[in-house]
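Peer 1: quick one, what's the 3D model for this:
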Amino acid sequence: MAGPRGLMDNPGEIISLLGESKQSSLYLVGNPVIANKIISIDIRGSFYVPFRVCFYDHGTASGAVISDDRPSSFLAALERPELNEIGVMLDQKIDGVADALRKT
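Peer 2: Numbers count the residues shown, from 1 in each chain. Model prediction:
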């Protein structure tokens, strides 16, 4: 299940190796145009794009949970004010997708 370098990208699969069944999927989410804008401002931004979003079932009746990196928080760590607006916009995009999924 591990890739050629011994790393895995699905946390549910990792946990299931220990004998516990977990429903979890990890996705990398991004937009190359926005990523390019971030990286052109600060090359260190390449560490944060694309962003991670994880869907998992924690075993309660409430159903699946959506957990994500908050782009605004990660980009704020670079201390480049011009990235703040982009980070907030990406937070809103992720929140919009999550809200749409909750309604389905």
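Peer 1: ranges for the helices of this protein?
Peer 2: 11-16, 32-41, 71-76, 84-103 (DSSP state H).
Peer 1: CA atoms of the second one as CSV?
Peer 2: The one in question is helix 32-41. The C-alpha trace of helix 32-41 is given here as CSV (Å, rounded to 0.1, in the frame of the first residue of the first chain):
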residue,chain,number,x,y,z
PRO,A,32,-3.1,26.1,-10.4
VAL,A,33,-3.8,29.7,-11.3
ILE,A,34,-4.2,30.7,-7.6
ALA,A,35,-1.2,28.5,-6.6
ASN,A,36,0.9,30.3,-9.2
LYS,A,37,-0.1,33.6,-7.8
ILE,A,38,0.8,32.5,-4.3
ILE,A,39,4.2,31.1,-5.4
SER,A,40,5.0,34.2,-7.4
ILE,A,41,4.6,36.3,-4.2
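Peer 1: flag every buried residue along it.
Peer 2: Residues of helix 32-41 classed as buried: 34-35, 38, 41 (neighbour count, 16 or more other CB atoms under 10 Å). Using the backbone N, CA and C atoms, a C-beta is placed for each residue, glycine as well.
Peer 1: what does stretch 87-104 give?
Peer 2: For stretch 87-104, a neighbour-count test (16+ other CB under 10 Å) marks 87, 90-91, 94 as buried.
Peer 1: run through who's touching it.
Peer 2: Stretch 87-104 is contacted from outside by 29, 34, 51, 53, 66, 68, 70-76, using CB atoms under 8 Å, 6 or more residues apart in numbering.
Peer 1: and the buried ones among these, selectable in ChimeraX?
Peer 2: Selection command for ChimeraX covering only the buried members of the contacts of stretch 87-104, criterion 16+ other CB under 10 Å:
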select :29,34,51,53,68,71,72,74,75
